[in-house]
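Colleague: requesting a structural model of the entry that follows:
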Amino acid sequence: MRRLGAVMFAGAMLVAATAAAPVFSASGPASSARAEASGKALFMKPVALRGMLGDVQIQVTLRTKEPAEDGIEGEYFVFGKSHRVLLAGEIEGQEVFMEESENGTDVSGQWDGKLAGETLSGEWQSPDGQIKKPFSLRIVRADEKNSPGQNARPSGQDKQQ
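Modeller: Purely as a prediction, here's the structure:
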């Protein structure tokens, strides 16, 4: 039953994201196709990203939906908490737009970010737009997955042991 709710939420998020997504222009059709393919190709297999959402450390897992044209989906959690938040959205070139749901039904936040190399960064905001937080996430390599403190803090800060 919970899976059905998540599927229904993901479908609703896709419809909402498609209807509200802004149109982006590129320098040409070839560069636009390459940028979109590279952004979507990144998530063909599940990808883990770690970093900061405001002042909390999080881990995000994203993958393409089936079929891939339907966008991306995933979840995130705050380190030290077991609650997972669902994500669903779209990639247009290097731009990433997602909505989140804490309960599988209602939108609890919106993500507006950009991919640059192995980093996804941008702004999270509450559904009413009153609360805004920056986020910066970096792809986690297989050899880094056993260390939750890795890649989550700005450079110059000590890692947790």
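Colleague: and the strands in the chain?
Modeller: Along the chain, counting by DSSP state E, strands occupy 47-53, 56-64, 72-78, 84-92, 95-101, 109-116, 119-125, 132-139.
Colleague: turn those strands into CSV, including mean pLDDT and distance to residue 41.
Modeller: The way it works is simple: take the backbone N, C-alpha and C, and place the C-beta from them, glycine included. CSV is the format used below for these (pLDDT from 0 to 100; distance: least, Cβ to Cβ, whole Å):
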stretch, mean pLDDT, distance to residue 41
strand 47-53, 97, 11
strand 56-64, 96, 9
strand 72-78, 96, 12
strand 84-92, 95, 10
strand 95-101, 97, 13
strand 109-116, 97, 11
strand 119-125, 98, 14
strand 132-139, 97, 13
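Colleague: for residue 136, which non-adjacent residue is spatially closest?
Modeller: residue 121 (4.2 Å; Cβ to Cβ, 6 or more residues apart in numbering).
Colleague: partners of that neighbour in the sheet?
Modeller: residue 114, residue 136 (DSSP bridges).
Colleague: ok, it - contacts?
Modeller: Listed by Cβ atoms under 8 Å, 6 or more residues apart in numbering, the contact set of residue 121 reads 51, 113, 114, 134, 135, 136, 137.
Colleague: need the max-distance pair from those residues.
Modeller: The most widely separated members of the contacts of residue 121 are 51 and 114, with 13.8 Å between them, by Cβ to Cβ.
Colleague: and these two? Which one has more around it.
Modeller: residue 51 (21 against 13; other Cβ atoms under 10 Å).
Colleague: re the thing from before, list buried residues within the contacts of residue 121.
Modeller: 51, 113, 135, 136, 137 (16 or more other Cβ atoms under 10 Å).
Colleague: any chance of those in CSV, plus distance to residue 62?
Modeller: Compiled in CSV, these are given as follows (distance: Cβ to Cβ, whole Å):
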residue, distance to residue 62
51, 13
113, 11
135, 13
136, 15
137, 9
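Colleague: what's the closest of the residues you listed to residue 71?
Modeller: Comparing these against residue 71 with Cβ to Cβ places residue 113 closest, at 14.0 Å.
Colleague: tell me the contacts of the residue nearest to the closest one when sequence neighbours are not counted?
Modeller: Among residues not flanking residue 113 along the chain, residue 122 sits closest, at 2.9 Å (Cβ to Cβ, 6+ apart). Each residue near residue 122 by Cβ under 8 Å, 6+ apart is listed here: 96, 111, 112, 113, 114, 134, 135.
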